[in-house]
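Asks: got a predicted structure plus its sequence, pasted below:
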2 protein chains.
Amino acid sequence: MTTLVFGHKSPDTDSTGSPIVWAWYLNEVKGIPAKPVLLGEPNTEALFMLDKWNLDKPEILTALEADTKVVIVDTNNPAELPANINEADITGIIDHHRLVAGLETRGPIEINIQPLACTATIMFKMIGKDWAQAPRGVKAAALSCILSDTLEFRSPTTTQEDRAIAEDIARDLGVDISEYAAEMFAAKSDVSSFSEAELLRMDSKEFDLDGTNLRVSVLETTSPAPLLERKDALMAEMPKVAEADGAAQVLLFIVDILKEEATLLVPNDMVKHIAEQSFGAEVSGDTVVLPGVMSRKKQIIPNLKM
Amino acid sequence: MTTLVFGHKSPDTDSTGSPIVWAWYLNEVKGIPAKPVLLGEPNTEALFMLDKWNLDKPEILTALEADTKVVIVDTNNPAELPANINEADITGIIDHHRLVAGLETRGPIEINIQPLACTATIMFKMIGKDWAQAPRGVKAAALSCILSDTLEFRSPTTTQEDRAIAEDIARDLGVDISEYAAEMFAAKSDVSSFSEAELLRMDSKEFDLDGTNLRVSVLETTSPAPLLERKDALMAEMPKVAEADGAAQVLLFIVDILKEEATLLVPNDMVKHIAEQSFGAEVSGDTVVLPGVMSRKKQIIPNLKM
């Protein structure tokens, strides 16, 4: 039976690239038949990575059959996985997010969660000396994941290990990190083809704030202007997305990767209040700039207050 | 703030020794103030280990204060931990059991779960070259954990890694494994001072079998005779323990470490039926011998059927 390796829904670069890395390792090093799959259409940065390195786009999983062997990467949150995930035979979990209650395994399996910026960094460490035999595309996928999740080492989630491993892989591949990251971020910033609803759900996590269910959405970009030009349309769409997804409110943070700041859209008094309480911001209009804020995990979620 | 390191309730040797190993590592190698604690009185084998190696008996934790930093070892099951465990600040989990839904962490932390026989084996691997500087008592605690959990390599949970690491530590300490394991198992087998209710709860895990809550208890011993002499009293106590603990039935397996077999007590038709369905046993009296059965995790739980 083939083991399916997948990350979270709304796949970003890490949830697209890490399954490719791990499926290679299972197939070629461990001799376990495996294939990477996706839980949805990857974002534009992930598509750029696949194209750039001639990697096959993994199949999109439409239904998960019970008892399928799976390895879950880049999440351990059932809300970001197929609804019947606990009917699968989970054989491994590799992740870098906080543990949330939900997944169950049939027996003891290998679970490796580490407070690093990127799943691929953990995989690199787990693969050890066998990494040398990885093909260029696999190595490039891992590099892409680390550059994406660390925003080229700008995010405060970045650790020495993430950086050292990315630099090591880049050297091995002969890739100029700054040039390649700029290409990746340009691809991620090209969101002209997406509707407002798609943008609000593109990189979004649910968060319960004292009983209020929030959808905390982040758009990382090197060119915030085209997004900010659409702010009225984005704010008009928020109540519809919130209602459809069972949330009280969508918070949209537009992260400017180069200026290292986030702009939060402020459609109403609730968000204004959250911005003031959480970030000590003074809000006058319908946007507020939060200097230095780049990471949902490290800077946004831990500070959210009502 | 001191980090508390603890294993599961009803501490066995692994849940007593592994916290000692990890607290040493945090204190002396990582520079993080830490101390091992227990969630109850350790069993007679664990007490023997402490006495034999002049290790201080860890304090028994009576209440877990909210926000305390904790590292959880040898379990990830909230049912085996303080009721308010998710109010603590969990900073690490090291375990070798199946993942069950329940624990939540505040941020991404290091979680290392591996399908090995013993928590101490995983710690030995995590500690790496710093292991050399561990004091004799810490090394002996790890050796004791591995010999206990593998029943001196007889249990089918034993992996090559568990065995190789235990042999490595024994060589380093100049300990004869067979002699030492015999002393440990003799200590574990001395259960004369315990009441029937205490024996039924001594090494017991809850298991939901198709909606029926069972208490699956195991007593590992080198001298089953004194236990089997008490079988009528043990069976008489089962309904009381089951009722008090909200279980439909207690299953008691007396594991003969040396003969490598288990004797299941059969107090009623329900257990008779379970024994026949689960192990293909032919049951005539109030006990049934199950040849080769030594591991709840590998051989009992996965086979239980109604």
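Replies: The structure has been received and is ready for your questions.
Asks: if you count neighbours, what's buried in the helix or strand bottoming out on mean pLDDT in chain A?
Replies: Within chain A, no helix or strand scores below strand A:204-209, which has a mean of 90 by mean pLDDT, DSSP states H and E. Buried residues in strand A:204-209, counting neighbours by 16 or more other C-beta atoms under 10 Å in any protein chain shown, are found at A:S204, A:K205, A:F207, A:L209. Quick note: C-beta positions are derived from backbone N, CA and C, even for glycine.
Asks: who does that strand pair up with?
Replies: When pairs are called by DSSP bridges, strand A:204-209 turns out to pair with strand A:212-221 (antiparallel).
Asks: give me every residue in the stretch 151-300 of chain A lying close to chain B.
Replies: A:K297 (C-beta under 8 Å from any C-beta of the partner chain).
Asks: by proximity to chain B, which residue of the stretch 151-300 of chain A wins?
Replies: Proximity to chain B, evaluated over the stretch 151-300 of chain A using C-beta to the nearest C-beta, is greatest for A:K297 at 7.1 Å.
Asks: now do the helices in chain A.
Replies: Ranges of helices in chain A, per DSSP state H, are A:13-24, A:44-52, A:119-127, A:136-150, A:160-173, A:177-189, A:196-202, A:225-229, A:231-244, A:269-279.
Asks: from those, which stretch is densest packed?
Replies: helix A:13-24 (a mean of 28; mean count of other C-beta atoms under 10 Å in any protein chain shown).
Asks: for that one, name the packing helices and strands.
Replies: Where contact means 3 or more C-beta pairs under 8 Å, 6 or more residues apart in numbering or on different chains; DSSP states H and E, helix A:13-24 is packed against strand A:3-6, strand A:34-38, helix A:44-52, strand A:69-73, helix A:119-127, helix A:136-150.
Asks: possible to save those as TSV with distance to chain B?
Replies: Formatted as TSV, these follow (distance: least, C-beta to the nearest C-beta, whole Å):
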stretch	distance to chain B
strand A:3-6	15
strand A:34-38	18
helix A:44-52	22
strand A:69-73	11
helix A:119-127	10
helix A:136-150	12
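Asks: need those in CSV with mean pLDDT, can you?
Replies: Listed next are these as CSV, based on pLDDT from 0 to 100:
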stretch, mean pLDDT
strand A:3-6, 98
strand A:34-38, 98
helix A:44-52, 97
strand A:69-73, 98
helix A:119-127, 98
helix A:136-150, 98
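Asks: closest one to B:G40 among the ones you listed?
Replies: strand A:69-73 (33.7 Å; C-beta to C-beta).
Asks: which residues touch that closest one?
Replies: A:1-7, A:15, A:18-19, A:22, A:26, A:34, A:64, A:81, A:85, A:88-95, A:103, A:119, A:123 (C-beta atoms under 8 Å, 6 or more residues apart in numbering or on different chains).
Asks: go ahead and build a PyMOL selection from the buried members of these.
Replies: Buried members of the contacts of strand A:69-73, defined by 16+ other C-beta under 10 Å, are picked up in PyMOL with:
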select buried, chain A and resi 3+4+5+6+7+15+18+19+22+26+34+64+81+85+88+90+91+92+93+94+95+103+119+123
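Asks: any low-confidence regions in chain A?
Replies: Chain A contains no residues with pLDDT under 70.
Asks: I figured A:F153 was touching A:R163, is that so?
Replies: Yes - using C-beta atoms under 8 Å as the test, A:F153 is close enough to A:R163 to be in contact (5.3 Å).
Asks: count of neighbours near the residue of the stretch 151-300 of chain A closest to chain B?
Replies: 20 (other C-beta atoms under 10 Å in any protein chain shown).
Asks: again, but for the one 4 residues further on
Replies: Using other C-beta under 10 Å, A:I301 has 17 neighbouring residues.
Asks: that one reaches A:L209, doesn't it?
Replies: No - using C-beta under 8 Å as the test, A:I301 is too far from A:L209 to be in contact (9.2 Å).
Asks: before we move on, the earlier item: can I get the helices and strands packed on helix A:13-24 in TSV with distance to A:G280?
Replies: What follows is the helices and strands packed on helix A:13-24, written out as TSV (distance: least, C-beta to C-beta, whole Å):
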stretch	distance to A:G280
strand A:3-6	39
strand A:34-38	39
helix A:44-52	32
strand A:69-73	36
helix A:119-127	32
helix A:136-150	26
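Asks: want to throw the helices of chain A into CSV with distance to A:P108?
Replies: Below are these laid out as CSV (distance: least, C-beta to C-beta, whole Å):
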stretch, distance to A:P108
helix A:13-24, 19
helix A:44-52, 32
helix A:119-127, 17
helix A:136-150, 27
helix A:160-173, 26
helix A:177-189, 38
helix A:196-202, 36
helix A:225-229, 46
helix A:231-244, 39
helix A:269-279, 40
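Asks: using PDB, write out the CA atom coordinates for the least confident helix or strand of chain A.
Replies: Once non-C-alpha atoms are left out, strand A:204-209 reads as follows in PDB (Å, rounded to 0.1, in the frame of the first residue of the first chain):
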ATOM      1  CA  SER A 204      -5.800  31.600   7.100                       C
ATOM      2  CA  LYS A 205      -6.100  29.900  10.500                       C
ATOM      3  CA  GLU A 206      -9.000  29.700  12.800                       C
ATOM      4  CA  PHE A 207      -8.400  31.000  16.300                       C
ATOM      5  CA  ASP A 208     -10.600  31.000  19.400                       C
ATOM      6  CA  LEU A 209     -10.200  34.300  21.300                       C
END
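Asks: what's in contact with it?
Replies: Here strand A:204-209 has contacts from A:10, A:79-80, A:213-218, A:245, A:247, A:250, A:274, A:296, A:301, A:304-306, using C-beta under 8 Å, 6+ apart.
Asks: show the buried residues in the residues you listed.
Replies: A:10, A:80, A:214-218, A:247, A:250, A:274, A:296, A:301, A:304.
Asks: dump those to TSV, plus distance to B:E261.
Replies: TSV is the format used below for the buried ones among the contacts of strand A:204-209 (distance: C-beta to C-beta, whole Å):
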residue	distance to B:E261
A:S10	53
A:E80	46
A:L214	57
A:R215	57
A:V216	56
A:S217	59
A:V218	58
A:A247	57
A:V250	61
A:I274	63
A:R296	55
A:I301	53
A:L304	57
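Asks: can you tell me which of those is nearest B:V266?
Replies: Looking across the buried ones among the contacts of strand A:204-209 and measuring by C-beta to C-beta, the closest to B:V266 is A:E80, at 46.2 Å.
Asks: report how many residues lie close to the closest residue to that closest one other than its chain neighbours.
Replies: Nearest non-adjacent residue to A:E80, counting by C-beta to C-beta, 6 or more residues apart in numbering or on different chains: A:H8, 3.9 Å away. Using other C-beta under 10 Å, A:H8 has 23 neighbouring residues.
Asks: surely A:H8 and A:P82 touch.
Replies: No - counting by C-beta under 8 Å, A:P82 is not a contact partner of A:H8; they are 10.6 Å apart.
Asks: so for these two, which residues contact both of them?
Replies: Both A:H8 and A:P82 are contacted by A:L39, under the criterion C-beta under 8 Å, 6+ apart.
Asks: ok, now which ones touch A:L4?
Replies: Counted by C-beta under 8 Å, 6+ apart, A:L4 has contacts A:A34, A:K35, A:P36, A:V37, A:L61, A:L64, A:T68, A:K69, A:V70, A:V71.
Asks: for the nearest residue to A:A248 once chain neighbours are set aside, name its beta-bridge partners.
Replies: Nearest residue to A:A248, sequence neighbours excluded (C-beta to C-beta, 6+ apart): A:T212, at 4.9 Å. Applying DSSP bridges to A:T212 gives these bridge partners: A:L209.
Asks: try A:I72
Replies: Under DSSP bridges, the beta-bridge partners of A:I72 are A:F6, A:I93.
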